[in-house]
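Q: Here's my sequence, what's the structure:
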Amino acid sequence: MNQLNRLSDLYTYLLSLGFKREADAVLTLTKTAILKKLKRTTRGKGKRDRMEWALVSKSNPKKILKWFGPDKPSKKEIAKEERRVHAFG
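A: Take a look at the predicted model:
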């Protein structure tokens, strides 16, 4: 949480100096999602529940941003989905 406070302080400082584009770039450095292994129950009719990897919102942990499946996704896949989340968020 300390890092998040420092980034928000840097954001406000850059805005006060008039660096809008740089301040917006600082906001993109903050992660809005985390990777967790959760029980997926809504897989369809006749399918059993199973543990799967999911990208979950940091602000609302009940909000699933992306299901990856039972195998842990690579760092490249996670980074791709985090970029997607930032683009639409």
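Q: Which residue ranges make up the domains of this structure?
A: 1-30, 31-89 (automatic domain parsing).
Q: Those: lowest mean pLDDT?
A: For these, mean pLDDT drops lowest on domain 1-30, to a mean of 79.
Q: Any idea what V56 is bridged to?
A: Beta-bridge pairing for V56 (DSSP bridges): I34, I64.
Q: The domains of the chain into CSV, with extra columns for mean neighbour count?
A: From N, CA and C alone the C-beta is placed, and that goes for glycine too. Output for the domains of the chain, formatted as CSV (neighbours: other Cβ atoms under 10 Å):
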stretch, mean neighbour count
domain 1-30, 12
domain 31-89, 13
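Q: ok, E22 touching L14?
A: Yes. E22 is in contact with L14 according to Cβ atoms under 8 Å; the separation is 5.2 Å.
Q: Find the residue at the geometric middle of this protein.
A: With distances taken as Cα atoms, centre = their mean, A33 lies nearest the centre of the chain, 2.0 Å away.
Q: for it, what are its contacts?
A: Going by Cβ atoms under 8 Å, 6 or more residues apart in numbering, A33 touches 55-58, 65, 81-82, 85.
Q: hmm, which two among these are most spread apart?
A: K58 and E81 (13.8 Å; Cβ to Cβ).
Q: doesn't G46 fall inside a strand?
A: No. Assessed with DSSP: H, G, I helix; E, B strand; the rest coil, G46 is coil; it does not lie in a strand.
Q: all helices of this structure, in order?
A: 2-17, 20-27, 75-88 (DSSP state H).
Q: Dump these to TSV, plus distance to K39.
A: Shown next, in TSV, are those (distance: least, Cβ to Cβ, whole Å):
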stretch	distance to K39
helix 2-17	29
helix 20-27	33
helix 75-88	20
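Q: So for R48, which of those sits nearest?
A: Among these, helix 75-88 comes nearest to R48, with 24.5 Å by Cβ to Cβ.
Q: Would you pull up how far that closest one lies from the middle of the chain?
A: Offset of helix 75-88 from its chain centre (Cα atoms, centre = their mean, to the nearest Å): 7 Å.
Q: Run the angle between that helix and helix 20-27 for me.
A: Angle, helix 75-88 to helix 20-27, by axes from the mean of the first three to the mean of the last three Cα atoms, to 10 degrees: 130 degrees.
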